[in-house]
Each structure stands twice: as C-alpha cells, then as structure tokens.
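Trainee: Curious how this folds, go ahead:
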Amino acid sequence: MIEKMKRKLKDMRRHLSDKLIKGLEARDNQYSVGDDEVVGLRVFVVPGGQKTFYFTYSDKETKKRHKEKLESCSTINCVQARNRAKVIAVKVMEGVSSSQIKREVMKEITVNELFAEYDKLRLKSPQYKPATITKMKTLCRVWINKDTKDPIIKGMFAKSKVDLGCLKLSQINMDNLKELHGLIGSKTTNNANSIIQMFSVAFGYAVEKKYIAKNPVKFKKADFYEQKENNEYLTRPQIEMVLNLALKYDERSESPKLNLDYYKTKRLKPVSCAIICNGLLGGHRYRDEGAKIRWKQVSFHQKTLSLVDSKVGQRNYKIGPRNLKLLKAIKSEYLRGDSPFYYPNDIRREYVFPSYNFGKINNIGKVNQKPYVHCIKGTWRSILKKLNIDYIPPYNMRHSFLTDALSKTK
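Mentor: Okay, the predicted model is just below:
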C-alpha cells in the first residue's frame with residue numbers, strides 16, 4: 001500500500017521547466033505541480049493565474065508539514081528555484097528548525113552583499129597580493145556595484161539593464177552571467193574574464209558558507225574571451241635609441257650624475273625617464289619591480305637588487321654595469337637640493353624613483369598617496385613618438401630586454 005502511494009506521488013511530479021510552467025492554466029481552485037528532480041519543489045497556481053515556487057517539506061523531528069515561499073515564477077526561473085530548494089533541503093536534513101529555515105529564506109543575501117562579505121573576510125594578504133586586491137575591488141565597484149563615473153560604462157548599463165549586484169544568490173545562473181560577460185566584453189575582454197573568475201571564487205565561498213547549494217558559475221574554456229598577449233618588443237637598435245634619448249649623464253662629473261639641464265631642454269621628466277631606462281637595462285617589471293623599489297633593496301657593494309615580493313617570490317638579482325651606473329647617478333642626486341629625486345623631509349627619501357605629486361590632489365579630487373612614480377605612459381609615449389617608433393605598452397620593455405638577451409645567449 002505504501003509503495004503504491006509513493007508511486008502515485010511520483011507520477012504526480014513532472015520535470016518543471018519554464019515552458020511547462022508558462023503553459024499551466026488557472027483553475028477554479030488552487031493546485032500545484034511538483035518537480036521530479038528536486039523533491040519538495042512545487043509550483044502553486046491560484047485561480048487568478050499567479051504562479052509561485054514553494055518548497056514543501058516535513059520537519060525532521062516533529063514530522064509536521066511546512067511550505068516555504070521561494071519567489072514568483074515571473075521573478076525567478078526553474079534553475080534558480082531548484083538552487084534555492086536544494087539549500088533548504090540540506091538544512092532540513094541537518095535538522096535545522098522550520099522557524100530558522102523561514103528566517104534564513106527571508107534574509108537571503110544579494111550578490112552585492114556576498115562580495116562585500118568576501119572583501120571583508122577573505123580578500124586579504126597574504127592570500128592576495130596588494131595589486132590583485134586593488135584590481136578586484138575596482139572591478140567589483142564598477143561592474144557589480146555599478147559605481148562609476150565613466151559615461152561609456154554608465155550608458156552600457158542603462159541600455160542593457162544588466163544588474164546582477166542587486167539579485168539574490170539563488171537568482172544567479174549561466175544566462176545572466178553570460179549576459180554580464182558579454183556586456184563587459186564589448187568594452188574590455190580581460191575585465192570580462194576577470195569578473196567571471198571573481199564570481200566563481202565568491203560563489204565557491206557562498207557554497208562553503210552554505211548560502212547556496214552549488215556554484216552556478218560553470219564557464220568552460222571556450223566560454224571565455226581569448227587572452228591575447230601583446231608580445232611586441234623593441235629591437236636592439238631601438239633599445240639603444242630610447243636609452244640615448246632618455247638617459248643623459250653630466251660629462252663634466254667624474255662620478256655618474258644626471259644632466260638635469262638636458263631633460264629641461266628636451267621637456268622630459270627625469271624620474272620617469274630613469275624608470276624607463278632602469279626597465280630596459282635591468283629587465284624587471286617596470287612598476288612593481290622598478291618604480292616601487294626602495295634604496296634599502298639596492299646593495300652597491302654586492303651589486304644586487306633584492307625583490308621581496310616578486311612573482312617568483314623573494315629573490316636577489318645581480319645588477320648589470322650600465323644599470324648600476326644609472327642607480328649611482330640617481331643616488332648622487334641627494335647632493336642637489338633642487339633635484340626631482342631628493343625629498344629629505346618625507347617618506348619619498350626611501351624610494352629610488354620618488355613622485356613629485358605625492359600628497360597632492362589629482363585631477364579627480366583625490367590625494368595621491370603613492371610616494372613613487374606610478375605612471376610613466378606619457379613620457380614613454382613621447383619618447384617613442386620623438387624616435388618614430390610605433391607605440392607598444394610600457395610593460396613590453398621587459399619583452400624587449402628578454403628577447404634581446406635570448407638573441408645574444410641562444
């Protein structure tokens with residue numbers, strides 16, 4: 001008899017789909033249709049025609065029947081409803097009380113709240129490097145919280161109506177993730193891929209915290225935009241042309257000193273030029289392993305540069321003769337009171353490439369808090385233009401150095 005009743009209940013269930021639900025017609029009395037995939041998930045149809053997802057279950061101890069409202073069928077789809085139902089099912093199996101389940105269903109967090117929580121609890125050093133933390137915070141602010149002054153991005157959001165940040169976790173699925181991915185990709189493919197990777201990590205955390213039953217991010221390699229690397233580089237003659245323009249010593253001095261008058265005549269920024277030359281002569285990443293270095297990392301006696309937080313970990317590198325001469329010339333600038341390299345009264349004195357703009361308000365109304373020169377693109381672009389060399393990004397200085405080294409050493 002019991003087996004017969006179970007078969008009857010099973011026969012009453014159907015594989016719910018958005019198309020099937022759309023075709024359910026209103027009757028004189030309320031009725032429901034159960035799902036054959038997630039037992040307990042049902043669609044209730046009232047005489048007025050409204051259709052709503054509910055999850056029905058029996059309390060593990062009292063065996064009392066309960067019915068938790070999930071959302072209207074016009075608000076969420078079947079996939080999202082199943083995800084919500086699975087979360088509740090897990091809690092029922094764990095013996096969570098019906099009152100607690102009801103409270104948790106009502107207070108399900110949004111995507112914005114999830115990322116805010118992940119930011120507060122997980123987005124920290126040493127798991128993430130400072131540059132990665134900054135990038136993730138910026139991407140979240142712009143593309144999830146929609147907090148941006150960029151008129152192009154604002155127009156994109158207004159036109160598409162994409163807003164995943166305000167959705168509940170169970171409302172996120174591959175359809176709206178792909179829509180967001182495509183929207184961002186129309187402006188920047190790298191950021192589009194990064195956002196999806198961030199969603200995958202954050203929702204993995206949500207599964208761990210049992211906010212949702214499973215991670216909705218199921219992107220395959222083919223779903224991502226192709227990562228295109230710019231492998232252009234300067235040839236050896238071009239490297240020398242750049243060095244000849246960007247690096248000028250004072251020939252009157254016996255010890256290496258920079259010719260600051262030359263830079264004024266050429267309208268070039270000496271500190272930015274020094275960063276460029278340091279990158280071409282040393283082969284390190286021009287910003288994190290160049291512009292940010294402090295004097296305590298440089299050993300003139302051992303002719304080494306200590307990089308504490310490079311991508312390959314802590315390493316000491318030999319400094320070549322030409323690069324060492326440049327660093328000595330910069331160090332000698334401490335003898336000049338009006339030098340753009342010398343700031344004796346603040347933290348900039350610790351940095352090899354100090355920033356004139358440190359502590360000043362920038363063009364967007366914020367105080368510049370970086371004691372070192374952060375951006376050299378203007379000087380880099382100007383130098384290439386003066387030499388009639390096609391523009392390549394500054395980070396390709398490293399490609400240029402390594403390609404030249406490879407051609408020499410095979």
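
Trainee: Quick check: which element contains residue 279?
Mentor: Assessed by DSSP states H and E, residue 279 sits inside helix 270-282.

Trainee: How far away from the center of its chain is the very next helix or strand once past that helix?
Mentor: Once the chain leaves helix 270-282, the next helix or strand it forms, by DSSP H and E, is strand 298-299. Centroid separation between strand 298-299 and its chain, computed with C-alpha atoms, centre = their mean, to the nearest Å, is 33 Å.

Trainee: Go ahead and name everything in contact with strand 298-299.
Mentor: 304, 305, 306, 319, 327, 352 (C-beta atoms under 8 Å, 6 or more residues apart in numbering). For every residue, glycine as well, the C-beta is placed using N, CA and C.

Trainee: Quick check: neighbours of it in the sheet, parallel or antiparallel?
Mentor: Within its sheet, strand 298-299 is paired with strand 304-310 (antiparallel), according to DSSP bridges.

Trainee: Quick check: buried residues in the partner strand?
Mentor: Neighbour-count burial for strand 304-310 flags 304, 305, 306, 307 (criterion: 16 or more other C-beta atoms under 10 Å).

Trainee: now stretch 192-206
Mentor: 192, 193, 194, 195, 196, 198, 199, 200, 202, 203, 205, 206.

Trainee: so the third one sits right up against residue 140, yeah?
Mentor: No: with contact taken as C-beta atoms under 8 Å, residue 194 and residue 140 are classed as non-touching, separated by 10.3 Å.

Trainee: Tell me how far residue 330 lies from residue 306.
Mentor: 17 Å (C-beta to C-beta, to the nearest Å).

Trainee: cool, residue 60 as well?
Mentor: For residue 60 relative to residue 306 (C-beta to C-beta), the value is 60 Å.

Trainee: Over to residue 192?
Mentor: 37 Å.

Trainee: Which residue, neighbours along the chain excluded, lies closest to residue 125?
Mentor: residue 133 (7.3 Å; C-beta to C-beta, 6 or more residues apart in numbering).

Trainee: Now the element after the helix or strand hosting that neighbour, going C-ward?
Mentor: Residue 133 belongs to helix 130-139 when elements are defined using DSSP H and E. Remark: after helix 130-139, the chain's next helix or strand is helix 151-160, criterion DSSP H and E.

Trainee: in this structure, which spans are strands?
Mentor: 13-14, 31-35, 41-45, 51-58, 65-72, 298-299, 304-310, 313-318 (DSSP state E).

Trainee: and those strands as TSV, adding mean pLDDT and distance to residue 113?
Mentor: TSV is the format used below for these (pLDDT from 0 to 100; distance: least, C-beta to C-beta, whole Å):
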stretch	mean pLDDT	distance to residue 113
strand 13-14	83	34
strand 31-35	91	28
strand 41-45	92	25
strand 51-58	90	22
strand 65-72	84	17
strand 298-299	94	46
strand 304-310	81	32
strand 313-318	81	35
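
Trainee: Redo the ones you listed as TSV? Include distance to residue 379.
Mentor: Listed next are the strands of the chain as TSV, based on distance: least, C-beta to C-beta, whole Å:
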stretch	distance to residue 379
strand 13-14	68
strand 31-35	63
strand 41-45	62
strand 51-58	59
strand 65-72	55
strand 298-299	22
strand 304-310	22
strand 313-318	24
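
Trainee: Check the gap between residue 91 and residue 98 for me.
Mentor: From residue 91 over to residue 98 the distance is 10 Å, taken as C-beta to C-beta.

Trainee: If you could redo that for residue 184, that was the one I meant.
Mentor: Taking C-beta to C-beta, one finds residue 184 at 41 Å from residue 98.

Trainee: Between those two, which is the more surrounded one?
Mentor: Using other C-beta atoms under 10 Å as the criterion, residue 184 and residue 98 rank with residue 184 on top: 24 against 20.

Trainee: And the buried residues of stretch 192-206, which is closest to residue 119?
Mentor: residue 202 (9.2 Å; C-beta to C-beta).

Trainee: Just give the number of residues close to the nearest residue to that closest one once chain neighbours are set aside.
Mentor: Nearest in space to residue 202, with sequence neighbours left out and distances taken as C-beta to C-beta, 6+ apart, is residue 118 at 4.9 Å. Per other C-beta under 10 Å, the neighbour tally for residue 118 reads 20.

Trainee: for the chain, which spans come out with low pLDDT?
Mentor: 1-12, 102-107, 229, 309-313, 410 (pLDDT under 70).

Trainee: separation between the residue nearest to residue 202 and residue 319?
Mentor: 41 Å.

Trainee: swap in residue 346?
Mentor: Using C-beta to C-beta, which is the criterion applied here, residue 346 is 27 Å from residue 319.

Trainee: Settle it for me: which of the two has more neighbours?
Mentor: Higher neighbour count among residue 346 and residue 319: residue 319, with 21 against 11, using other C-beta under 10 Å.

Trainee: That one: what's it in contact with?
Mentor: So residue 319 contacts 282, 298, 303, 304, 305, 327 (C-beta under 8 Å, 6+ apart).

Trainee: Tell me how many other residues crowd the first one.
Mentor: Other residues within reach of residue 282 by the criterion other C-beta under 10 Å amount to 25.

Trainee: residues contacting the closest residue to it other than its chain neighbours?
Mentor: In space, and not counting its chain neighbours, residue 282 is closest to residue 323: 4.8 Å by C-beta to C-beta, 6+ apart. Neighbouring residues of residue 323 by C-beta under 8 Å, 6+ apart: 278, 281, 282.

Trainee: Buried ones in stretch 349-356, by neighbour count?
Mentor: 351, 352, 353, 354, 355.

Trainee: chain center to that stretch, what's the gap?
Mentor: In terms of C-alpha atoms, centre = their mean, the centre of stretch 349-356 is set 28 Å apart from its chain centre.

Trainee: can you check stretch 146-165 too?
Mentor: Offset of stretch 146-165 from its chain centre (C-alpha atoms, centre = their mean): 17 Å.

Trainee: before we move on, back to that, quick one: which of the buried residues of stretch 192-206 is nearest to residue 66?
Mentor: residue 206 (24.1 Å).

Trainee: any idea how far residue 283 is from the residue nearest to residue 282?
Mentor: Using C-beta to C-beta, residue 323 is found at 9 Å from residue 283.

Trainee: For the residue nearest to residue 358 when sequence neighbours are not counted, list the residues it contacts.
Mentor: Of all residues not flanking residue 358 in the chain, residue 371 sits nearest, at 5.0 Å (C-beta to C-beta, 6+ apart). Residues in contact with residue 371 (C-beta under 8 Å, 6+ apart) are 346, 347, 348, 350, 351, 354, 355, 358.
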